[in-house]
Every structure is written in C-alpha cells, then in structure tokens.
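Asker: Below is the sequence, then the predicted model.
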Amino acid sequence: MFSKLKQNFVLFFLILPIVFAFGFWSGKSSIVCPVLPPEGVDFSLLWEAWETVEEKYRDREKLNVEEMIYGAISGMVESLDDPYTVFFSPEEAKKFLEDVKGVFEGVGVEIAIKEEQLQVIAPLEGTPAHRAGLRPGDKILKVDGKSTDNIAADTAVDWIRGPKDTEVVLTIYREEWGEERDIKIVRGTIDIPSLKLEIREDDIAYLKLYHFSEEAVYDFKNAAIKILGSPAKKIILDLRNNPGGYLPVAQNIAGWFLEKGQIVAIEDFGEGKERKELLAEGNARLITYPVIVLINQGSASGSEILAGALRDNRGVMLLGEASFGKGSVQELAELRGGFSLKITIAKWLTPKGYSIADEGLEPDIMVELTQDDYDQGRDPQLDRAIEIIKTLE
C-alpha cells in the first residue's frame, strides 16, 4: 500500500499535465485540459525508487516531498535535451518575464547553450557587459570560479545576475585569444533601449534595433514616421547583437516593409500537426525603400525571423556574419503554486521553408569583424553596407 507521502506524489503526477497554458508569444489563454499518461507507459520504476528513498534514505527526517517532486519534474524536462525548455520556480518565472520586458539588474548579456557550451548570444547595448567588451560567441567557462559545464542556461543567468553595484567575474574563452581570461563586471540596472535612428547626410537611414521589447512597436512607429518625413531614400537595418524578444513585435515591424498578407514566418509544430503562417499585417509604408540588413552571431530569434522574412519576400540582402540559430517557439505554461514551464512548441521556418534552428541564417555577403576592428572602433560591415546600398535603386 502506498504511504501518505507516496499517495501525494501519485496524485501530483496525475494532475501534473493539467496546466493553465498561455501562449507566451501570443498572449492568449487556453482551456484546462486533462491529459492521461501515454498508453503502455509503466511508472512502476518511478514509484519503486520513490518508496526506496522514503524507506531507506539515511536522513529521512530531511526529506522534503515538494522539493523531491520539483526535482523529478526538472529531471524530466532536462531529459528532453532542449536548452529552451525549462521548469521555472515562481522566482525564476518572475525573472524571465522581467528579462523580456527589458528592465532588470545584472550585467546585460543574452546567453544560451550552443554545442553543449554556455555562450554569449549578445551583450546588450550600453550595459556593463557591453562596456566590458563581451562579444557574441564568447564561451563562458566559469562564473565567479564555478564551472558552467553541464548547467542550464537559466541556472547560469541566476549566477550572473545580482544587485547593481556588485561584482561578478566571468571566465571567458575567445577563439582569437587562444586562452581563457577573467573579466570582472560591475552589475547595474539594465534598461534595454529598443532602437537608434540616424538620418545620414547621404540620404541613408541607419536604423539599429537592439531588442524586440514591448516598447519597440511604439518606438519603431516613431522612427518610421521620421524616416518617411526625411530626405532618406534607403534604409540600413542593423540587427547585429539583437537577441530577439516578443515575436509579435518582430511581426509588427515586418509589416512596415512587406505587403499585407505576405508570410513573415512559419511555425512548424512537428509531424502530424498543421503548420501556422504568421502574416504581415502592417501598412507597408517602407516597402519602396531599398534595404540592406546587417546580421552577426548575436542576431537571434526575432532578428532571424525579420531578416529571413525580408530576404525571402523582397530579396533583401543580408550582410555580415551567420546568425545565432535560435529558431524555436516557446510558450510559458503556468503551473500550480506559481511554477511555470517554458516549453518549445514549434520551430520557425522562413517564408520559403528554411529552418532557422541551429544553423541560423548565412549572409549573402560575408564580412567579418576582427579583434583589431573592435579595438580600433572600426566597422567594416557597416562601411560595406553603405557602399553597396548607394548602388541600389
């Protein structure tokens, strides 16, 4: 017979699939739907292990049923081997939502697991990480001396984040160095800007998008109005070091450059499920402007969606370096007790069906930045884009 503790565990797993899932990217609630375990699945090993721990563990008085359940869930999620599917505690869920809103305390760097290594996606503009010289592709080997081997990206975020005016030491390996180096960073309040606009004297509008945050829709509208009212005849759209954000924001911005109804991206939910096309719904006011898009290793997620949409629909040239390859769709499912599950539900395809996941987007014109370019403040990628766009009609 099950003990009371075991009964609680069984009950929890029976109700575990009943969640209040809301589409994180779409903002729509779903209906509670009970799901039974798959036919033929044998949970007896799980119950046997649970009972063995309960009966034989040396410090039985220290057993915490809730922590054991949370650990079991975390292990289940980690077994999926998907760095973007994560079980969140209430505190972690709160931090995640703060990140997407664009205001928090820390160093201001987007990170992810790629090729089983914790890496920098992009240091965010004007942040301590940016001022410290972190670059896309940097490998983070340690945080305050603690190894990052086999840890989840969200765990690393917890280690790196902290109150402003405190220090964190990141041990970084960069290919150009050929060695690891410690970089000390003083944390600050991170308020991520959404964009920067410069109307150049050569009638080129240089528009840099830093992040697809909630404010970016309003800020981009204002920037577009300024471009339309200026002498600018061509646009350089800089998506370098833009790690993404809200998908609807990227979709909204695409609508300024594409005809209404053109495909922005395709969500592929896997075998046996119907694909979903995300369509441009904007005013297409910028559709007549010749455009060049700048990308690099720090261009991820929404940046790759926007760049792919412009290239596939309008033949817009991508210039720079290969993008990061974060081409998957996550939802944040609310679980009981304030816990959440950020779960991958689909992969993004460009309008022509190319999967962004893992490989990223290859630029039409490859222009790399060297360490010397960074040190001297040179930008050959932007220089080349200016040179080329002057020839476009």
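Answerer: Nice, thanks for sending it over.

Asker: what bits of this protein have low per-residue confidence?
Answerer: The chain contains residues with pLDDT under 70 at 1-38, 97-104.

Asker: Sketch out the helices for it, chain order is fine.
Answerer: 4-15, 44-56, 65-78, 90-101, 128-131, 153-160, 216-228, 247-257, 302-314, 371-376, 380-389 (DSSP state H).

Asker: Can you redo the ones you listed as TSV, where the extra columns are distance to P363 and mean neighbour count?
Answerer: Any C-beta I mention is one placed from the backbone N, CA and C, and that applies to glycine too. Output for these, formatted as TSV (distance: least, Cβ to Cβ, whole Å; neighbours: other Cβ atoms under 10 Å):
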stretch	distance to P363	mean neighbour count
helix 4-15	48	14
helix 44-56	48	12
helix 65-78	34	14
helix 90-101	27	16
helix 128-131	23	20
helix 153-160	26	18
helix 216-228	23	17
helix 247-257	18	24
helix 302-314	9	25
helix 371-376	16	11
helix 380-389	9	17
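
Asker: Could you export the ones you listed as CSV, including distance to V168?
Answerer: Output for those, formatted as CSV (distance: least, Cβ to Cβ, whole Å):
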stretch, distance to V168
helix 4-15, 36
helix 44-56, 36
helix 65-78, 24
helix 90-101, 16
helix 128-131, 9
helix 153-160, 6
helix 216-228, 28
helix 247-257, 29
helix 302-314, 26
helix 371-376, 22
helix 380-389, 30
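
Asker: Now S194: phi and psi?
Answerer: Per-residue torsions, S194: phi -90, psi -30 (degrees, to the nearest 10).

Asker: my guess is it contacts H211, does it?
Answerer: Yes. S194 is within contact range of H211, at 6.0 Å (criterion: Cβ atoms under 8 Å).

Asker: the more surrounded of these two?
Answerer: Higher neighbour count among S194 and H211: H211, with 26 against 23, using other Cβ atoms under 10 Å.

Asker: hmm, back to that, so for K352, which of the helices of the chain sits nearest?
Answerer: Closest approach to K352 among these is made by helix 302-314 (4.6 Å; Cβ to Cβ).

Asker: how far off helix 216-228 does the closest one point, in degrees?
Answerer: 50 degrees (axes from the mean of the first three to the mean of the last three Cα atoms, to 10 degrees).

Asker: ok now helix 302-314, how far from the chain's centre?
Answerer: Distance of helix 302-314 from the chain centroid (Cα atoms, centre = their mean, to the nearest Å) equals 16 Å.

Asker: How about stretch 62-73?
Answerer: Distance, centroid of stretch 62-73 to centroid of chain: 29 Å (Cα atoms, centre = their mean).

Asker: cool, stretch 382-391 as well?
Answerer: 29 Å.

Asker: Quick one: residues in contact with that stretch.
Answerer: Contact with stretch 382-391 is made by 202, 204, 206, 234, 236, 238, 290, 292, 294, 317, 319, 365, 367, as judged by Cβ atoms under 8 Å, 6 or more residues apart in numbering.

Asker: one more time with 7 Å
Answerer: I204, K234, I236, P290, I292, L294, L319, I365, V367 (Cβ atoms under 7 Å, 6 or more residues apart in numbering).

Asker: Give me the buried entries from those residues.
Answerer: Among those, those buried by neighbour count (16 or more other Cβ atoms under 10 Å) are I204, K234, I236, P290, I292, L294, L319, V367.

Asker: which one of the residues you listed is nearest A93?
Answerer: For the buried ones among the contacts of stretch 382-391, the nearest to A93 is L294 (33.7 Å; Cβ to Cβ).

Asker: wait, that closest one sits on N241?
Answerer: No. Checked against Cβ atoms under 7 Å, the pair L294 and N241 is beyond contact range at 9.9 Å.
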